[in-house]
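A.B. asks: pasting the sequence and the predicted coordinates here, then a few questions.
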Amino acid sequence: MTPDWEAFCRETRVGVQAALASLTTRTERERSHGVGEGGDETIAVDAVAETVVFNRLEELHEAGHDFVVVSEEAGRMPFGDSASWWLAVDPVDGSKNAKRQLPYYSLSIAIGDGPTIGDVAYGYVFDLASEEEWTATRGGGAQLDGEPLGRETRHDRLESVALEATRPGLLAQLMPRLVDECDVVRVLGSLALSLCQLAAVRIDGVAALRPVRSVDIAAGQLIARESGARVALANSGILAESPIDLERRSLVIAANGEDGLRALSEALNG
């Protein structure tokens, strides 16, 4: 029997919201919990959110479901011997914003019926600040708070582009190449949410200036693509063939049309 993934994601989201609400100060939120399997520092907001997620996963497994989970902090963890599902989970995408209580960070969960990005069948991203809920099913479209996306007019021109970058040097290298390609640049801090903003045509393009892992994009890319946007890898390889793991890292770009996608690819590749 297929789990009710929508109910699972929503129940998990409620728990994550409560856990984060218990951390009321920056000191509490940024307390270090060591280094996660993805290689980044795990801080309190990550740790409490992931505890909630894995408690829910344990309950799902005890109900008779086997699956493999790839998480930003815990790495790859099998639940059972005969996995039917692969989950890519980022309990808090945008931890640097979350620790400072800047209102742009999210819970991201992707469920696949195979081990690659192309196998992702359901995507769920919840904006933990604005409380907007973004969902998509493979071949079934994308929704924002239950309302279908994809009816908005899309333009190829990159009027507004969201960049995912953590170092000023990366921005400095790219900016001269974008001067003639876009009007406005935003650096928002949650790649999953930025892909969702593209799905709603609030922005026209997204580019990760540093290689990112599958957990960063697995849910958001499905939401963007099911809304009618294009998502691709700027460096090499085919997005759909990328494995759901923490080892592979890729430069991800997305846009409303092929011209915008081409412009971002050319900018990133110099």
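C.D. replies: Structure received. Numbers count the residues shown, from 1 in each chain.
A.B. asks: what about residue 84, how many residues nearby?
C.D. replies: Counted with other CB atoms under 10 Å, the neighbours of residue 84 add up to 13. Bear in mind the C-beta positions are built from the backbone N, C-alpha and C, glycine included.
A.B. asks: I'd assumed residue 68 was in contact with it.
C.D. replies: No: at 9.4 Å, residue 84 does not count as touching residue 68 under the criterion of CB atoms under 8 Å.
A.B. asks: wait, a strand at residue 68?
C.D. replies: Yes: counting by DSSP: H, G, I helix; E, B strand; the rest coil, residue 68 is found in a strand.
A.B. asks: that one bridge partners, please.
C.D. replies: residue 78, residue 86 (DSSP bridges).
A.B. asks: relative to residue 140, how far out is it?
C.D. replies: Distance, residue 68 to residue 140, by CB to CB, to the nearest Å: 23 Å.
A.B. asks: so for these two, which sits in the more crowded spot?
C.D. replies: Under the criterion of other CB under 10 Å, the comparison of residue 68 against residue 140 puts residue 68 first, with 19 against 12.
A.B. asks: show me the contacts for that one.
C.D. replies: Residue 68 makes contacts with 76-79, 83, 85-87, 115, as judged by CB atoms under 8 Å, 6 or more residues apart in numbering.
A.B. asks: weed out the non-buried ones from the residues you listed.
C.D. replies: Using 16 or more other CB atoms under 10 Å as the burial test, the contacts of residue 68 include 79, 83, 85-87 as buried.
A.B. asks: number of residues surrounding residue 212?
C.D. replies: Residue 212: 16 surrounding residues under other CB under 10 Å.
A.B. asks: also residue 160?
C.D. replies: Residues lying near residue 160 (other CB under 10 Å) number 17.
A.B. asks: right, and it touches residue 204 too?
C.D. replies: Yes: Residue 160 lies in contact with residue 204 (CB under 8 Å); the separation is 5.4 Å.
A.B. asks: what touches both of those two?
C.D. replies: Applying CB under 8 Å, 6+ apart, one finds that residue 160 and residue 204 are jointly contacted by residue 182.
A.B. asks: where does pLDDT dip in this structure?
C.D. replies: Scanning the chain for pLDDT under 70 picks out 33-41.
A.B. asks: ok, longest helix in it?
C.D. replies: Taking DSSP state H as the criterion, the chain has its longest helix at helix 44-62.
A.B. asks: so which elements touch it?
C.D. replies: helix 5-21, helix 26-29, strand 32-35, strand 67-71, strand 75-79, strand 85-93, helix 95-99 (3 or more CB pairs under 8 Å, 6 or more residues apart in numbering; DSSP states H and E).
A.B. asks: residue 92 and residue 141: what is the separation?
C.D. replies: With CB to CB as the criterion, residue 92 and residue 141 are 27 Å apart.
A.B. asks: so if I had to pick from the two, which one is more boxed in?
C.D. replies: Using other CB under 10 Å as the criterion, residue 92 and residue 141 rank with residue 92 on top: 29 against 15.
A.B. asks: what sits against that one?
C.D. replies: 16, 20, 45-46, 49, 98, 105-107, 128.
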